[in-house]
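# Below: sequence and its predicted model.
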Amino acid sequence: MITLRLLWIHIFAWGAVWLMSYWSGWEYLAAVLYLLVITLEADSLRGVEWGKRLLSSLAWQIPGFSMAFILLTGWDPGGIYNYAIFLLLFWMTPILPWLALLPPSDLAYPSYYYGLIGGAPLLALWIWTFSGKINPLAVFKHNKLGSAKDCV
Amino acid sequence: MKQAFNIWIFPLLTLLAGLAIFINHQEIITSAHGATSTYINSARSGNIGYGNPQQAHNSISFEGLEPGDIILGAYPDCAYGYYSHAAMYVGSGQIIEGYADLGITLQPVDHFREYPQICILRVEADKALKQAAVDYALRQLDEVFYPVAFKSGDRSWNCSKIMWKAYQTQGLDFDTTGDLWVPPDIFYHSPYVSVIREGGQL
């Protein structure tokens, strides 16, 4: 269920980030909101057993993993290889505003290309991290409570 | 409440942004020469991409090119117009162009031989303006390519937008359609250019 929710959020975030780029700079608002929403979704996975958490973290990014695999290996099922980079660009639209901020690269491809290839594992890691026991959100919440207590 | 927010915020944003853009640009759907209507008509015929790449070797000469010249290449069945790709000559046998994997990149002009049909356009402007356009484009090297990058904004580009913007910032606007996107064909139909060579593997 959480996989379907993340997939739904990702697909509509793709539309929102792209359309909001019509007003230059506003795509960042949608991109920040996207990270916030998937973080909240990850938080709802806390306490779920290890295997299910891992599966949920990975499964919603299967399209991203698939396109990156095709690009890296040159595999061409059904003549899709030529379109894989376009499909990956579209799929990674919700994080593209961040990739556009990467510094120039001295390697064979520009930095954003490597960001596209690594996007699926990074997003999976994001969900894994924010759904874990050592949850940065939980630490943040704890600190907030802590400081409030200190004030008292 | 939190779950409903997570699920519905992006469909709502997509709907609102889409409506706002549509209301501001209703005419592009029916416009005969715009990129949007061209694409919609092509999609109805089953063409949705940049055409069918072929192992061509056109025989057009690249001798005498000047910085700022525009080169267009055509693959058959391109969805957004006759020409599927555009680039700008920057000198020393190099062109600047946009590719999905390479972003805004410098490449040898010779690779345009792979197109069955090409066209070389000379922009009717003084050399200083054309050099300023080349310099603008060169400052965007390595930046993000996005196939459906809107004309507005300067963080993502496609092959036509980078050249349109390079000249537009110098006061020369090739786009008379008012569309959301700029396809390569706008350069061919512009009154600001003359065709210096055209054809290919016929």
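Cool, the structure landed.
# Checking B:Q55 next. Helix, strand or coil?
Counting by DSSP: H, G, I helix; E, B strand; the rest coil, the backbone at B:Q55 sits in coil.
# Please determine how far it is located from B:E114.
7 Å (Cβ to Cβ, to the nearest Å). (Each C-beta comes from the backbone N, C-alpha and C, glycine too.)
# Compare these two (neighbour count), which wins?
B:E114 (16 against 6; other Cβ atoms under 10 Å in any protein chain shown).
# Tell me who's in contact with the more buried one.
B:E114 makes contact with B:P53, B:Q54, B:Q55, B:A56, B:H57, B:G73, according to Cβ atoms under 8 Å, 6 or more residues apart in numbering or on different chains.
# do that again at 7 Å, thanks
B:E114 sits next to B:A56 when contact means Cβ atoms under 7 Å, 6 or more residues apart in numbering or on different chains.
# next one: B:T14
A:F12, A:G15, A:A16, A:L19.
# Of those residues, which are in range of chain B?
A:F12, A:G15, A:A16, A:L19 (Cβ under 7 Å from any Cβ of the partner chain).
# would you list those in TSV and tack on pLDDT?
Listed next are these as TSV, based on pLDDT from 0 to 100:
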residue	pLDDT
A:F12	98
A:G15	97
A:A16	98
A:L19	97
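# Redo the residues you listed as CSV? Include neighbour count and secondary structure.
As requested, those are exported to CSV (neighbours: other Cβ atoms under 10 Å in any protein chain shown; DSSP: H, G, I helix; E, B strand; the rest coil):
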residue, neighbour count, secondary structure
A:F12, 22, helix
A:G15, 19, helix
A:A16, 28, helix
A:L19, 22, helix
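# Number of residues surrounding A:I117?
So A:I117, with other Cβ under 10 Å, has 21 neighbours.
# any idea how far B:A56 is from chain A?
In this view, B:A56 and chain A are 16 Å apart by Cβ to the nearest Cβ, to the nearest Å.
# Report the separation between the nearest residue in space to B:G200 that is not next to it in sequence and A:W26.
Nearest non-adjacent residue to B:G200, counting by Cβ to Cβ, 6 or more residues apart in numbering or on different chains: B:N58, 3.3 Å away. Using Cβ to Cβ, we find B:N58 at a distance of 42 Å from A:W26.
# Can you give the contact residues for stretch B:74-85?
Identification of contacts with stretch B:74-85 by Cβ under 7 Å, 6+ apart yields B:35, B:38-39, B:42-43, B:47-54, B:72-73, B:115-117, B:119, B:159, B:183-185, B:188.
# rerun at 6 Å
Stretch B:74-85 is contacted from outside by B:35, B:38-39, B:42, B:47-53, B:72-73, B:117, B:159, B:183-185, using Cβ atoms under 6 Å, 6 or more residues apart in numbering or on different chains.
# what residues are up against B:V195?
If you count contacts by Cβ under 6 Å, 6+ apart, B:V195 has them with B:L121.
# So it, which state does it fall into?
strand.
# roughly how far is the lowest-mean-pLDDT helix or strand in chain B from the heart of the chain?
The helix or strand of chain B with the poorest confidence is helix B:27-30; it has a mean of 75 (mean pLDDT, DSSP states H and E). Put simply, helix B:27-30 sits 19 Å off its chain's centre (Cα atoms, centre = their mean, to the nearest Å).
# Please apply the same query to stretch B:67-75.
So, by Cα atoms, centre = their mean, the centroid of stretch B:67-75 is 10 Å from its chain's centroid.
# Does B:I118 touch B:G200 like I think?
Yes - the criterion here is Cβ atoms under 6 Å, and B:I118 meets it with B:G200 at 5.3 Å.
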